[in-house]
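[1] I would like to see how this sequence folds:
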Amino acid sequence: RMLLLTLWASHMALTRGAGQSIRHAWQQVIEDARTLGDTEHELRGLWGLWHDHCCSNQHAPALDLANQYIQLSERTGILERRVLGRRMRATPLFQMADFDGARQAISEALSLPMMPRAHVIDSHFDQGIAARSLKAQVQLLQGQVGQALLTIEANVEAALTQHHPASLWYTLGLSAIPIT
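    Sure, this is the predicted structure:
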């Protein structure tokens with residue numbers, strides 16, 4: 001059941017965004033994963049529930065979920081999960097206008113070592129590119145326009161170098177196009 005719910009909720013999150021049925025599925029994934037001792041699926045469930053709250057403009061609960069994700073990911077030793085957790089923390093902080101907190105979480109994410117191309121398997125896009133996209137938005141809102149444009153330029157170049165369309169879409173859609 002946990003695997004089917006993970007697949008269904010992932011599909012629904014990507015095609016519909018958020019909603020009560022998707023939220024319920026992610027909660028069930030988390031409960032099943034905890035019962036089975038499956039940390040990987042518990043992390044996926046936490047991410048899914050976080051995503052649902054972010055899409056629903058429920059940023060305080062999203063921040064709580066990000067912190068739970070970080071605590072659990074610290075125990076796994078999977079580098080990409082640790083980077084993703086910091087980026088998850090930065091997103092609701094940014095949305096709640098805590099730009100200093102968002103910048104700190106992004107800096108933490110970008111200071112962690114990253115596995116090359118691990119994003120293709122599970123995260124859909126490069127977590128460094130995702131973090132730098134948010135970093136550019138923070139820089140812009142804190143009046144660092146020149147730095148934001150340099151961050152975007154480097155990010156677009158990195159996405160093109162990777163030949164990974166989802167990473168390019170992410171940086172264009174979430175930082176380059178809105179800022180320029």
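
[2] C-alpha from now on. contacts and neighbour counts both.
    OK.

[3] where in this protein is pLDDT low?
    By pLDDT under 70, the low-scoring segments of the chain are 115-123.

[4] quick one: the helices in it?
    With DSSP state H as the criterion, the chain has helices at 2-16, 20-36, 39-55, 59-76, 79-95, 99-111, 127-141, 145-162, 165-171, 177-179.

[5] Hmm, A148 and L140 touching each other?
    Yes: using CA atoms under 8 Å, L140 is in contact with A148, at 5.5 Å.

[6] Make TSV from the helices of the chain and add mean neighbour count to it.
    Below are the helices of the chain laid out as TSV (neighbours: other CA atoms under 10 Å):
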stretch	mean neighbour count
helix 2-16	15
helix 20-36	18
helix 39-55	22
helix 59-76	18
helix 79-95	24
helix 99-111	20
helix 127-141	23
helix 145-162	17
helix 165-171	20
helix 177-179	11
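
[7] Next, count neighbours for T180.
    By other CA atoms under 10 Å, the residues close to T180 number 9.

[8] What separation is there between it and T91?
    From T180 across to T91, the span is 20 Å (CA to CA, to the nearest Å).

[9] S111 too?
    Shown here: S111 relative to T91, a distance of 17 Å by CA to CA.

[10] Hmm, I70 and R86 touching each other?
    Yes: the criterion here is CA under 8 Å, and R86 meets it with I70 at 6.9 Å.

[11] burial measure for D98, as a count.
    For D98, the count of nearby residues is 14 (other CA under 10 Å).

[12] Skip the chain neighbours and tell me the closest residue to T91.
    In space, and not counting its chain neighbours, T91 is closest to A102: 6.9 Å by CA to CA, 6 or more residues apart in numbering.

[13] what does stretch 49-58 rub up against?
    The list of residues contacting stretch 49-58 from outside it, by CA atoms under 8 Å, 6 or more residues apart in numbering, reads 13, 17-19, 22-23, 26-27, 59, 61-63, 65-66, 88, 92.
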